[in-house]
Structures are given as C-alpha cells and as structure tokens.
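Participant: here are the coordinates; sequence isn't available:
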Ligand SMILES: Cc1cc2nc3c(=O)[nH]c(=O)nc-3n(C[C@H](O)[C@H](O)[C@H](O)COP(=O)(O)O)c2cc1C
C-alpha cells in the first residue's frame, strides 16, 4: 500500500479529537485565519470526501479580504429586496455577516447528470463540509458550518454565480477561536443505535425531533434527477 494513503492507522489524537470536537460561534472566530497555503491544504482534505462515481458534485467559493465586504453588500441588497423598510441596524447586521470571520468557504453542491442518485451527490457535499471543518481544526483554526437565510435566497445565489442545479451546502467560517466554546448537549447513543436482529425494536431517535417525523410537502424524489 502506498505510504501516501491511509486506510487505517492508529491515532489516539484523531480519535480524541473526533470525540471532543466542537464548532466555534461565528462571532468568536477572529484573526488570524488560514493563509492561502493553509486554505489549499484544507480544500485538498475537503475534496477527499467520499464521492460515489467520482463526479465531484461540489465546488468551493473562498471569501477573504475585501471579498467579504463585497459579498456583504450582496447580502444586504438581497435582504432589502424582501424588506424595503428594514431598519439601518438590521441592514448593517446583514452587511457585516461575512466580516465575522477572516476566511469563509462556501461549499456548493452541484448535481451532475449521472446514474448516481442526487441524494448521494448531496451527501457527498455534506461530507466535504465536515472534512473541511476537521482539516481546518487540525491546522489550529476554529470552524462553523452555517447556511443562514441568504443561502436559500435566489437573488443572492444568482449574484454569486450559482446555477439552478447548485445549492449551498454550507458556508464554513474559519478563524482563531477567541475562547474555548462551551459543551453542547449530545444525543444518547442508546436512543439512536440498534444492533439489528430480525424483529428487534429499532431505536429511531424520535424523542429528538421537534415536530415529529415526516416528508416535506414539497418533497422530491431523491433517487431521481
Ligand atoms: C447544513 C447545516 C447548516 C447549518 N446552519 C447553521 C446556521 O445557519 N446557523 C447556526 O447557528 N448553526 C448552523 N448549523 C449548526 C452548526 O454548524 C453547528 O453544528 C452547531 O452550532 C453545533 O455545534 P457542534 O458542531 O459543536 O455540534 C448548521 C449545520 C449544518 C449541518
């Protein structure tokens, strides 16, 4: 096996880190952020996420320096478009969204025409987001994967250059944590895990949903494109 590839390798450090990992509130991500070389390393790691069919059903948008102000102006404009009576303080909040961290990476899920289901292409984009966070954390940067309202706003999406088949999987905010984040409640594994046998009651974690379970009314067939 090539030394450049790790399929399995003992690493208490990696395990410890996965068992304790935590996102950092966006507002607490200060300078410095990753530099260009570090960003490339992070994206290299992100793009090693599992990808059924080698379709690369995702791409990256990197925002640093003044691009953060420029994208902030688009967010403000998109907000103004839907709320023309917005107070100046609200507009400022929207304009400043990308100023909260030194580097932000947008991961865009791009559905490729292929026999591989759309659902799997979207999942791959999610895996890219998490790999991206973990790689940034391993370089000593805090991360937070957010979407916020503008990820779903058509005007914003189109100003960024996205096409119809593109969806924002996440904006990953990266920077140096101002402080150690507090712990967050985690699920009880017993609620979510079943060592399956025929007829076993399956633990589906239904005590965690806020509104029960169900398919959205606008549901689409994830197996098809
Ligand atoms: C697809 C996706 C979108 C998210 N969007 C937001 C968001 O818009 N705002 C937010 O506060 N957290 C958002 N989160 C949650 C944070 O990324 C983070 O997981 C959460 O703050 C919990 O911290 P933890 O990662 O340490 O568990 C999102 C997570 C995912 C997977």
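Facilitator: In hand now; what should we look at? These figures come from a predicted structure and were not determined experimentally.
Participant: make it CA atoms for all contacts and neighbour counts henceforth
Facilitator: OK.
Participant: What is the burial count for the nearest residue to residue 178 once chain neighbours are set aside?
Facilitator: Residue nearest to residue 178 in three dimensions, not counting chain neighbours: residue 28, with 5.1 Å by C-alpha to C-alpha, 6 or more residues apart in numbering. Per other C-alpha atoms under 10 Å, the neighbour tally for residue 28 reads 19.
Participant: Quick one: residues contacting residue 131.
Facilitator: Residue 131 makes contacts with 45, 46, 47, 48, 49, as judged by C-alpha atoms under 8 Å, 6 or more residues apart in numbering.
Participant: I'd assumed it was in a helix, is it?
Facilitator: Yes: assigned with DSSP: H, G, I helix; E, B strand; the rest coil, residue 131 falls within a helix.
Participant: any idea how far it lies from residue 105?
Facilitator: 12 Å (C-alpha to C-alpha, to the nearest Å).
Participant: what about residue 143, neighbour count?
Facilitator: Counted with other C-alpha under 10 Å, the neighbours of residue 143 add up to 30.
Participant: and what of residue 210?
Facilitator: By other C-alpha under 10 Å, neighbour count at residue 210 equals 7.
Participant: who in this protein is up against the ligand?
Facilitator: Within the chain, the positions lying close to the ligand (C-alpha under 6 Å from any ligand atom) are 22, 23, 144, 145, 146, 147, 148, 169, 170.
Participant: Can you classify the last one as helix, strand or coil?
Facilitator: The one in question is residue 170. Here residue 170 is recorded as strand under three-state DSSP.
Participant: Strands of this protein, residue ranges please.
Facilitator: For the chain, the strands defined by DSSP state E occupy 29-30, 58-64, 103-110, 142-146, 166-177.
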